[in-house]
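*Asks:* Mind folding the following:
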Amino acid sequence: MDAMDKDRDIPAHGARPLWTEEPARRRRLPDPVRASAVRAVIIIAVTLVQTMVATLCTLAGSWSAFPAVLATVASTVVATWGVLDVWVTRQVWRQRYGVVSGPSSTARELRRQRRRARKADPVTSRPAAEPGPARGAAA
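*Replies:* Sure thing, here's the model as predicted:
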């Protein structure tokens, strides 16, 4: 091993690592959201290919232009559904597993005031018991 190999931490036979691990810049999407996003991207790619085929068939005056345009319109509807699916799946995931929200500072302060009032005067802060039939009395 010569001096250059020691400085670069490369094995003597010249093999270099294929990649180096780097921390992710963003957190990974949740699995259901990622699955719907992949589905949407594939649908959109197919729609774009169909659009090009329909355009070229129309320019060439081919008999298949009309069916290609119809397929493109249908595919556009499906692609719109795919994008909405990503959005809805993301919102549902956020509602189920998202950030747990705590009470706001205003609500917290109101609770503290009520607690202080209860501690200061425990008898008047309790609601009065409603009069009802006596236990064991026949109705």
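*Asks:* Any stretches of this protein with poor pLDDT?
*Replies:* Scanning the chain with the threshold set as pLDDT under 70 gives 1-13, 99-105, 122-139.
*Asks:* quick one: contacts for the residue most central in space within the chain?
*Replies:* Centre of the chain computed as the mean C-alpha position; nearest residue by Cα atoms, centre = their mean is R90, 3.0 Å away. Neighbouring residues of R90 by Cβ atoms under 8 Å, 6 or more residues apart in numbering: V33. All C-beta atoms are positioned from the backbone trio N, CA, C, and that covers glycine.
*Asks:* buried residues in the longest helix anywhere in the chain?
*Replies:* For the chain, the helix that runs over the most residues, judged by DSSP state H, is helix 65-97. If you call a residue buried by 16 or more other Cβ atoms under 10 Å, then helix 65-97 has these buried ones: 65, 68-69, 71-72, 75, 79, 82, 85-86, 89-90, 93.
*Asks:* How is P23 assigned, secondary-structure-wise?
*Replies:* Three-state call for P23 (DSSP: H, G, I helix; E, B strand; the rest coil): coil.
*Asks:* Can you report how many residues neighbour it?
*Replies:* Number of residues near P23 (other Cβ atoms under 10 Å) recorded here: 4.
*Asks:* Now it. Its backbone dihedrals?
*Replies:* Main-chain dihedrals, P23, degrees, to the nearest 10: phi -70, psi 150.
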